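[1] predicted model and sequence below, questions to follow.
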Amino acid sequence: MRASLRRRILIVDDEPQILTFLRDLFQSHGWDVYDASCGTEGIEKLERERYDVVLTDLKMPGADGIEVLRTVKKIQSDAEVVLMTAYGTVDSAIEAMRAGAFHFLMKPFRSEEVIHLVEKAYGHRQLKRENLFLKAEVRGRHQLQAVVGTSGAIQEVIAQVQRLADTDTPVLIEGERGTGRGFFARVIHFNSSRAGGLFVPAVCAGVREDLLESNLFGHAAGAYRQATLPRAGKIELANHGTIYLADIDKAGAGIQERILRLLTRKTISPVGSGQEIEVDVRLVASTQSDPGKPALSDKFPGALRDALEPGTIRLSPLRKSSEDIPLLLHHFLFEANRDRKKPLRGFSEAAVSALAAYTWPGNVRELTELVRAISSRKKQGTVVDAADLPTEILYGRKRRGASDQPSAAKQDTDIRDAIESLEKPMVLQALALAEGDKEKAAELLHIDVAALVELIRQHGIE
C-alpha cells in the first residue's frame, strides 16, 4: 500500500463535538486527519506516527496541551503545534509559545480562522525544512572532499585549509579574479567548529567608507540623520560564526584599524556609540592579486599585515595548474547535467586539448560559466566537441603559447591540428555572415582584423 503524501494533522481535544467538527473541516480541505480524545492518547499516537501539524486543546484532564507540545518538540521537533485555548488561559498559551508552539487560537473560533492558522503553521514547517535542506546542501558543497583537483597547487591549498580551518587564526585568501576566494572562505567555515554559526559575507570594494563602516560595525540611534534606530552590523550578526570580508584591502585605513582592534581586543564599537561590544567571531578575508604584482606588500598597515600573514592562503591561477582542467570539466558537466533527461556525454579529446591550451584569464569561474553556457545550448545526449567552443578559446590571443605548455610536443601538435581543422570553415562562415566585411567578421570571431587577414592568407581564402 502506497503511503499518503498529503498533509497530516493530529487533532487532540476532549470535547467530542469539537473533535468531530475539526475532523470534518480538515478532511474537506484535503488533509489526512488523525484525532485523539485526550492528551495521553495524543502522546501515544505521536510515539507511533509522524505528523506535519498538531492542533491541541490546552486544558484537558490528564496530560494537557503543554505535555503534548513537549512531546512533539522532543520526538518530532519539525512538526508545528497550534494550541486551542479559552479566554481564562491566555497566559498559559503565551508560555506555551515560548516553549515552542507556533501560535494559539481563542475559543470559540471560525472555520476559516482555524484553517488559515494551521495552513500558516504548515507553511512555516515547510520553510524550516527547506532551510535545513539548503544548509545541508551548502555544507556538503563546501566540504574538503568537494575540492576538485590533483595538481600540486590545489593539494597545497587543501593542506593549508586543513591546517587552518578548525583554529581561530585569521585567514587571508589571496588570488586572481575567479580563482575561488569566496568558495574557499566557505570551505574554511564549514570545516570548522563554527560551522553551526552564520557565515556572513561583506564586500569592501566599491562601497563608500562611512556606509561600509556602518554596515560592518552597526550604528547607534542618531549616529546619522537617517539613523533613527540602532542597527547591528554584520560583524555582530556573525557572532559565534565567521565574517568574510571580500577585498579587505579596498577598505579605508580607518576601517582596517577597526578590524585590527577586532582581532586584538575581540570587541567592536558601533558608529556613534562609545560602547564596546564583545564579539566571538572568526575573520576570513580576501584580496585580489594581479599577475606580476607583489602580494601583501603595501595593501595593509604593518600591524594588520602581521596579523594576517600567518594565515595567508595563495590560490594559484588555473593557467598554472591546467592538469586539473579535465577533472574540473567532468565536475562542472556533472553539475550541469543534473536537470537533463539525457545528460551530455562529455568532452572530446580535441575539445579538452583546446581548453587545456587556453590561458583562462577568468580562471575557474570562467571555466564554470563556459560549461554552463555550452550545456544550455548543446543537444542532449551528445559529446561536446572543439566546434562547440568559443572562437577565442580555439585561436584567440589568450591561447597559451608553446613555451607555456605544461606537456610534451605531441600534445602541442594535437592541439594545433585540432584548431587548424576548424579555422578555415569558421572564418568562411564569419565572412559570409558579415557579407565580406572583414571588420564585422573579426568582431564575430572576437579577434583583431590583422589576425583575421593573417588567417585568410594562411588558408588561401579568396
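    In hand now; what should we look at?

[2] going forward, measure contacts and count neighbours with C-alpha atoms only.
    Noted.

[3] I'd assumed M84 was in contact with K107.
    Yes - under the contact definition of C-alpha atoms under 8 Å, K107 touches M84, with a separation of 6.6 Å.

[4] which of the two has more residues huddled nearby?
    Taking other C-alpha atoms under 10 Å, K107 and M84 do not tie; M84 has more neighbours (24 against 11).

[5] need the per-residue pLDDT for L296.
    The predicted local distance difference test score for L296 is 52.

[6] got it, and the one 3 residues further on?
    The model reports K299 with a pLDDT of 63.

[7] now swap in the one 3 residues further on and tell me
    pLDDT, G302: 74.

[8] try the one 4 residues further on
    Turning to D306, the model gives it a pLDDT of 87.

[9] and the gap between it and A99?
    According to C-alpha to C-alpha, to the nearest Å, D306 and A99 sit 48 Å apart.

[10] ok, I154 next?
    Distance check for I154 against A99: by C-alpha to C-alpha, it reads 48 Å.

[11] those two: who's more crowded?
    I154 (18 against 13).

[12] which other helices and strands contact the helix or strand harbouring K440?
    With the criterion set as DSSP states H and E, the secondary-structure element containing K440 is helix 438-445. Contacts defined by 3 or more C-alpha pairs under 8 Å, 6 or more residues apart in numbering; DSSP states H and E place helix 438-445 against helix 409-433, helix 449-458.

[13] what sits up against it?
    Contacts with helix 438-445, where a contact means C-alpha atoms under 8 Å, 6 or more residues apart in numbering, come from T391, E392, V427, A430, L431, L433, A434, D448, V449, L452, V453.

[14] contact partners for the third one?
    Remark: with contacts taken as C-alpha under 8 Å, 6+ apart, V427 is in contact with A441, L445, L452, L455, I456.

[15] measure it to E209 for me?
    Note on V427: its distance to E209, by C-alpha to C-alpha, is 50 Å.

[16] got it, and the fourth one?
    Between A430 and E209 the computed distance is 48 Å (C-alpha to C-alpha).

[17] okay, the two: which has more neighbours?
    Using other C-alpha under 10 Å as the criterion, A430 and E209 rank with A430 on top: 20 against 17.

[18] just give the closest residue to that one, not the sequence neighbours.
    Among residues not flanking A430 along the chain, A441 sits closest, at 5.0 Å (C-alpha to C-alpha, 6 or more residues apart in numbering).

[19] count of neighbours near the one you found?
    Counted with other C-alpha under 10 Å, residues neighbouring A441 total 23.

[20] care to break the protein down by domain?
    Structurally, the chain divides into domains by automatic domain parsing as follows: 8-137, 149-316, 320-458.

[21] what segments of the stretch 51-200 of the chain are strands?
    Using DSSP state E, counting those that start in this stretch, the strands found in the stretch 51-200 of the chain span residues 53-57, 80-85, 103-106, 171-175, 199-203.

[22] one step back: dump the domains of the chain to TSV, plus distance to Q143.
    Rendered in TSV, the data for the domains of the chain read as follows (distance: least, C-alpha to C-alpha, whole Å):
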stretch	distance to Q143
domain 8-137	10
domain 149-316	6
domain 320-458	15
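
[23] weakest of those by average pLDDT?
    When mean pLDDT is averaged over each of the domains of the chain, domain 320-458 scores lowest at a mean of 77.

[24] between the two ends of that one, how far is it?
    Distances were taken as C-alpha to C-alpha; on that basis the terminal residues of domain 320-458 are 31 Å apart.

[25] now do stretch 202-216
    Terminal residues of stretch 202-216 are spaced 8 Å apart (C-alpha to C-alpha).

[26] and for stretch 224-244?
    Counting by C-alpha to C-alpha, you get 26 Å between the two ends of stretch 224-244.

[27] now do stretch 32-52
    End-to-end distance of stretch 32-52 (C-alpha to C-alpha): 10 Å.

[28] now do that stretch: distance to the chain's middle.
    Using C-alpha atoms, centre = their mean, to the nearest Å, the distance from the centre of stretch 32-52 to the centre of the chain it belongs to is 38 Å.

[29] ok, residues contacting that stretch?
    Stretch 32-52 is contacted from outside by 6-16, 19, 23, 26-27, 60-65, 67-68, 71-72, 75-76, 78-80, 122, 125, using C-alpha under 8 Å, 6+ apart.

[30] mind giving me the PyMOL command for buried ones among those?
    Only the buried entries of these go into this PyMOL selection, using 16 or more other C-alpha atoms under 10 Å:
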select buried, resi 8+9+10+11+12+13+14+19+23+26+60+63+64+65+67+68+71+72+76+78+79+80+122+125
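
[31] what are the bridge partners for I9, then?
    Taking DSSP bridges, one obtains V33, V53 as the residues bridged to I9.

[32] and it, what is it in contact with?
    Contact partners of I9, counting by C-alpha under 8 Å, 6+ apart, are W31, D32, V33, Y34, Y51, D52, V53, V54, L55.

[33] rewinding a little: tell me the one of the contacts of helix 438-445 nearest L245?
    Proximity of the contacts of helix 438-445 to L245 (C-alpha to C-alpha) peaks at E392, which lies at 33.8 Å.

[34] element containing the closest one, please.
    Secondary structure from DSSP H and E places E392 in helix 391-395.

[35] for that helix, which positions count as buried?
    Taking 16+ other C-alpha under 10 Å as the neighbour-count basis, helix 391-395 is seen to contain the buried residues T391, I393, L394, Y395.

[36] gap between the nearest residue to the second one once chain neighbours are set aside and P343?
    With C-alpha to C-alpha, 6+ apart as the criterion, I393 has its nearest non-adjacent residue at 5.9 Å, and that residue is Y358. With distances taken as C-alpha to C-alpha, Y358 is found 25 Å from P343.
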